[in-house]
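K.L.:
The following block contains a protein sequence and its predicted model.
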Protein chains: 2
Amino acid sequence: MAKSEAVKVVGAWSSPFAMRPLIALKIKSVEYECLEEEIGCKSKFLLKSNPIHKKIPVLIHGDKLVCESLIIVEYIDEVWSSAPSILPSDPYDRAIAKFWAAFVDDKFYPSMKESNTGVGEEAKKAGLEKMVDGLALLEDAYVKCSKGKPFFGGNQLGYLDIALGCFLGWLRVTEKSLQTKLLDEAKTPGLVNWAESFCAHPAVKDVMPQTDQLIEVSKTVAKLRAASAPPK
Amino acid sequence: MAKSEAVKVVGAWSSPFAMRPLIALKIKSVEYECLEEEIGCKSKFLLKSNPIHKKIPVLIHGDKLVCESLIIVEYIDEVWSSAPSILPSDPYDRAIAKFWAAFVDDKFYPSMKESNTGVGEEAKKAGLEKMVDGLALLEDAYVKCSKGKPFFGGNQLGYLDIALGCFLGWLRVTEKSLQTKLLDEAKTPGLVNWAESFCAHPAVKDVMPQTDQLIEVSKTVAKLRAASAPPK
């Protein structure tokens, strides 16, 4: 495995999924180039690099293409195996981290999306409720996994931290747009501290977008969506 | 890691997802006990073992519980690491196998479900079309991954074989119920041969249900669904 081959990431600075490989590469101290996709416009290069899903991120490592953000993170962890580990070394801890990362993608993220872009107030409200329930489960998982240490994986930023942490920017946008507090000291004290540690980590702070910047992106996305919606 | 602790699988013989850990355990020559769930009735034990998703399969290994079928397969591969490997050893091959296994779960399986239980003929037809498209992509993936050998992973039954192969029984049911051929020599010659090798493999043949048995299950499930549907 030629670790030294050029590494590029097809992504977008505002995408939580595209942020995952960047954090993983920073943890491993791997130099990379970002190939930035424009919002609402998939490049020919992206369509060619990920013809099945046509989605960012795509990792380009020499002549190899790897798609799907969590699979990319695992690939990075396995190729640059001598640098700090991203996945836990114990098989059971690995299984637990993968279980919750899948929960983030399959349950938590859809609920966040629904709470922001659901059609009608009822759908948005249902999304918000699921999101609050999801955060309560993730709070429990954090308490169990971290055992009093700053990250899900203990003292080191790891797989599940990356999986969930990449949504923190959009969680802040959701809080602002719905004028509600989703992470707070009363309901999710563990996650409040974890979020602070996550955002301050050297591998994260340069790639975590500002909430105001993301709000601008959400306005652009809403305009694009309205323009492409069928006339009523 | 105490490999020798008792291994149990909460599952159901007709479930493609529950079949995955069984095949993985057979590859590793691990003795296990099946805790069979009744169709349409989740046991208290299952609800307690997998409180988040309330779904089979659950692997019980000593006092450890592992949920989500592909995560269980990876766990088995990592704990009983001295027996034949299930995941490829090369990080890129692993990423490719995981990519297509995720495709099976996120795209192929939903299309199969839609083609069988979609509401109205149009939905069923759309599901069938997606299923045919998915099989064409999987045929390509098989040709590239197998390089002329019997399995996706080469000469040994591996991760992607397990991920896709567990749907072969229900694929036969779909073929019968829609009176169409989904795997055939003209469109999917590679997968036709692969399916034969898969079903004949010692780790598979005792756990792969007969099509007629699955048709009976599908009738039971349809009856349960009709009984629980709201009155029109």
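P.N.:
Everything's here; your move.
K.L.:
Mind listing residues that contact the one helix or strand in chain A whose mean pLDDT sits lowest?
P.N.:
Of all helical and strand segments in chain A, the minimum by mean pLDDT, DSSP states H and E falls on helix A:211-228, at a mean of 89. For helix A:211-228, contacts defined as C-beta atoms under 8 Å, 6 or more residues apart in numbering or on different chains pick out A:14, A:39-40, A:116-117, A:169-170, A:172-173, A:176-177. Any C-beta I mention is one placed from the backbone N, CA and C, and that applies to glycine too.
K.L.:
which among those end up buried?
P.N.:
A:14, A:116, A:169-170, A:172-173 (16 or more other C-beta atoms under 10 Å in any protein chain shown).
K.L.:
I figured A:Asp105 was touching A:Cys166, is that so?
P.N.:
No. Using C-beta atoms under 8 Å, A:Asp105 is not in contact with A:Cys166, being 10.4 Å away.
K.L.:
Please list the residues of chain A that sit near chain B.
P.N.:
When proximity is defined as C-beta under 8 Å from any C-beta of the partner chain, chain A approaches chain B at A:1, A:52, A:61, A:64, A:66-68, A:71-72, A:74-75, A:78-79, A:90-92, A:94-95, A:98-99, A:102-103, A:137.
K.L.:
Emit the PyMOL select command for whichever of the residues you listed are buried.
P.N.:
What follows is the PyMOL syntax for the buried subset of the residues of chain A next to chain B, where burial is set by 16+ other C-beta under 10 Å:
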select buried, chain A and resi 61+64+66+67+68+71+72+74+75+78+79+91+92+94+95+98+99+102+103
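K.L.:
Would you mind measuring from A:Ser82 to chain B?
P.N.:
Applying C-beta to the nearest C-beta, to the nearest Å, the value for A:Ser82 to chain B is 13 Å.
K.L.:
before we move on, what about A:Lys113?
P.N.:
The value you get for A:Lys113 to chain B, if C-beta to the nearest C-beta is used, is 16 Å.
K.L.:
pretty sure A:Met131 is in contact with A:Lys113, am I right?
P.N.:
No. Using C-beta under 8 Å, A:Met131 is not in contact with A:Lys113, being 9.5 Å away.
K.L.:
Show the pLDDT at the residue nearest to the spatial centre of chain A.
P.N.:
The residue lying closest to the centre of chain A (C-alpha atoms, centre = their mean) is A:Cys166, at 3.1 Å. pLDDT recorded at A:Cys166 is 98.
K.L.:
ok, now A:Ser177?
P.N.:
At A:Ser177, pLDDT is 87.
K.L.:
Spatially nearest residue to it (excluding sequence neighbours)?
P.N.:
Once flanking residues are discounted, A:Ser177 sits nearest to A:Asn116: 6.7 Å by C-beta to C-beta, 6 or more residues apart in numbering or on different chains.
K.L.:
how would you label the one you found: helix, strand or coil?
P.N.:
Using DSSP: H, G, I helix; E, B strand; the rest coil, the structure places A:Asn116 in helix.
K.L.:
who touches it in this structure?
P.N.:
Contacts of A:Asn116 by C-beta under 8 Å, 6+ apart are A:124, A:127, A:170, A:173-174, A:177, A:218.
K.L.:
Show only the entries of the residues you listed found in helices.
P.N.:
Per DSSP state H, helices hold the following members of the contacts of A:Asn116: A:124, A:127, A:170, A:173-174, A:177, A:218.
K.L.:
which stretch of helix or strand covers A:Val30?
P.N.:
Using DSSP states H and E, A:Val30 sits in no helix or strand.
K.L.:
What is the burial count for it?
P.N.:
By other C-beta atoms under 10 Å in any protein chain shown, the residues close to A:Val30 number 17.
K.L.:
Show the pLDDT at it.
P.N.:
97.
K.L.:
how close does it get to A:Thr211?
P.N.:
According to C-beta to C-beta, to the nearest Å, A:Val30 and A:Thr211 sit 28 Å apart.
K.L.:
Only alpha carbons, please: show stretch A:162-178 as CSV.
P.N.:
These are the backbone C-alpha positions of stretch A:162-178, laid out as CSV (Å, rounded to 0.1, in the frame of the first residue of the first chain):
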residue,chain,number,x,y,z
ILE,A,162,-16.0,12.1,13.9
ALA,A,163,-19.3,10.5,12.9
LEU,A,164,-21.4,12.6,15.2
GLY,A,165,-19.2,15.7,15.6
CYS,A,166,-19.5,16.6,11.9
PHE,A,167,-23.1,17.5,12.5
LEU,A,168,-22.4,20.0,15.2
GLY,A,169,-22.4,22.9,12.8
TRP,A,170,-25.7,22.0,11.3
LEU,A,171,-27.1,21.3,14.8
ARG,A,172,-26.3,25.0,15.7
VAL,A,173,-28.1,26.1,12.5
THR,A,174,-31.1,24.0,13.5
GLU,A,175,-31.1,25.5,17.0
LYS,A,176,-31.0,29.0,15.6
SER,A,177,-33.7,28.4,13.0
LEU,A,178,-36.1,26.6,15.4
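K.L.:
quick one on the thing from earlier: rank the buried ones among the contacts of helix A:211-228 by pLDDT and give me only the lowest.
P.N.:
pLDDT across these is lowest for A:Asn116, at 87.
K.L.:
A:Gly118 touches A:Met131, doesn't it?
P.N.:
No. Applying C-beta under 8 Å, one finds A:Gly118 not in contact with A:Met131, separated by 11.1 Å.
K.L.:
related to what we said a few turns ago, now for the buried ones among the contacts of helix A:211-228: which two are most distant?
P.N.:
Taking C-beta to C-beta as the measure, these span a maximum distance of 13.5 Å, between A:Ser14 and A:Asn116.
K.L.:
re the thing from before, look at A:Met131 and A:Lys113 and report which has more neighbours.
P.N.:
Taking other C-beta under 10 Å, A:Met131 and A:Lys113 do not tie; A:Met131 has more neighbours (25 against 14).
K.L.:
Doesn't that one lie inside a helix?
P.N.:
Yes. Under three-state DSSP, A:Met131 sits within a helix.
K.L.:
Skipping adjacent residues, who's closest to it in space?
P.N.:
Taking C-beta to C-beta, 6+ apart, and ignoring the residues beside it in sequence, A:Met131 has A:Ser111 as its nearest neighbour in space, at 4.3 Å.
K.L.:
rewinding a little: what's the closest of the contacts of helix A:211-228 to chain B?
P.N.:
Set against chain B, the nearest of these by C-beta to the nearest C-beta is A:Thr117 (20.1 Å).
K.L.:
mind checking how far that closest one is from A:Pro110?
P.N.:
The value you get for A:Thr117 to A:Pro110, if C-beta to C-beta is used, is 11 Å.
K.L.:
And A:Pro88, by the same measure?
P.N.:
A:Pro88 is 26 Å from A:Pro110, by C-beta to C-beta.
K.L.:
okay, the two: which has more neighbours?
P.N.:
Counted by other C-beta under 10 Å, A:Pro88 and A:Pro110 do not tie: A:Pro88 has more neighbours, with 21 against 14.
K.L.:
Show me where chain A has its strands.
P.N.:
A:7-11, A:33-36, A:58-61, A:64-67 (DSSP state E).
K.L.:
So what touches the third one?
P.N.:
The contact list for strand A:58-61 (C-beta under 8 Å, 6+ apart) reads A:5-11, A:21, A:35, A:46, A:49-50, A:65-67, A:72, A:75-76, A:79, B:92.
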